[in-house]
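K.L.:
fold the following for me, if possible:
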Amino acid sequence: MFILGALLIWELAARYGPWPHALLPGPFAVGGRLAGLAADGRLGAAVARSLLRLAQGYGLSVLLGVPLGVALARSPLVRSVLRPATIGLQALPSVCWLPLAALWFGLSEAAIVFVVLAGSLLAVAIATEDAVSGVDPGLLRAAGTLGIRGARFHLGVLLPSALPGILTGLKLGWSFAWRALMAGELLFPAGGLGQLLATGRTRADAAQLLGVIAVIVFLGVLVDQVLFRLLEVRVRRRWGLATAA
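P.N.:
Numbers count the residues shown, from 1 in each chain. Here you go, the predicted model:
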């Protein structure tokens, strides 16, 4: 009901508001513009290209960020050397990496993937560090007493015990990666949803702008509320953290 009410208010505002219709098209006009983008294949191609870049950059941030977080939590030397820089760089907005990416990689796919990686890596690492640091020390001592060492300890005891917290970090990293991706695609003319936004801005096509924004929001909510929600439920059930209905 809320969504229907919001759409109705939007349509009325577009029809009877004081601003030009070209600046605030109604939901029917936006839907028609999206249908046109979908029919000629541009929307599907843009979504596929953006998701591929996201998978590359975010995948790298997980592969690098989780081991970095474990090292920060388990090694006093690594923590003393890298933690100040990690905290400082985490506060840096993703858009600040764009000039450096352009300098290093030019206006290329690699530049966009780098921005996604830089925007999400440290969020994953810091959350992993917090999750590993919060593992029950008694469990770790018991593993040591049983002679569990090395890769068997990290893969069989430490990471599974920290997995609920790590998953929270992965979810946070995903949100940073998604925002960094859109920033990169807006500035680097290489296709994707961000490029559709830039095209709509250049052509003063508000219907395209609002439609693509709606697609970006929808994809973000879909991943957050479907993929990560399912993972969280499975992990909580596996670790006995699910609340009783």
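K.L.:
nearest to the middle of this structure, which residue? Look it up for me.
P.N.:
Centroid-nearest residue in the chain, with CA atoms, centre = their mean: residue 174, separated by 2.3 Å.
K.L.:
what distance do you get for that one to residue 51?
P.N.:
Between residue 174 and residue 51 the distance is 12 Å, computed by CB to CB, to the nearest Å. Glycine gets a C-beta too; all of them are placed from N, C-alpha and C.
K.L.:
show me the longest helix that occurs in this protein.
P.N.:
helix 42-74 (DSSP state H).
K.L.:
which elements pack onto it?
P.N.:
helix 27-39, helix 76-90, helix 109-133, helix 159-187, helix 193-202, helix 206-222 (3 or more CB pairs under 8 Å, 6 or more residues apart in numbering; DSSP states H and E).
K.L.:
make JSON lines from these and add mean pLDDT to it.
P.N.:
Shown next, in JSON lines, are these (pLDDT from 0 to 100):
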{"stretch": "helix 27-39", "mean pLDDT": "87"}
{"stretch": "helix 76-90", "mean pLDDT": "86"}
{"stretch": "helix 109-133", "mean pLDDT": "90"}
{"stretch": "helix 159-187", "mean pLDDT": "86"}
{"stretch": "helix 193-202", "mean pLDDT": "87"}
{"stretch": "helix 206-222", "mean pLDDT": "90"}
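K.L.:
please work out which of these is packed deepest.
P.N.:
helix 109-133 (a mean of 24; mean count of other CB atoms under 10 Å).
K.L.:
how near is residue 119 to residue 65?
P.N.:
In terms of CB to CB, residue 119 sits 11 Å off from residue 65.
K.L.:
rewinding a little: tabulate the helices and strands packed on helix 42-74 (JSON lines), appending distance to residue 9.
P.N.:
Converted to JSON lines, the helices and strands packed on helix 42-74 look like this (distance: least, CB to CB, whole Å):
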{"stretch": "helix 27-39", "distance to residue 9": "10"}
{"stretch": "helix 76-90", "distance to residue 9": "39"}
{"stretch": "helix 109-133", "distance to residue 9": "34"}
{"stretch": "helix 159-187", "distance to residue 9": "26"}
{"stretch": "helix 193-202", "distance to residue 9": "23"}
{"stretch": "helix 206-222", "distance to residue 9": "15"}
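K.L.:
among the ones you listed, which comes closest to residue 18?
P.N.:
Nearest of the helices and strands packed on helix 42-74 to residue 18, taken as CB to CB: helix 206-222 at 15.5 Å.
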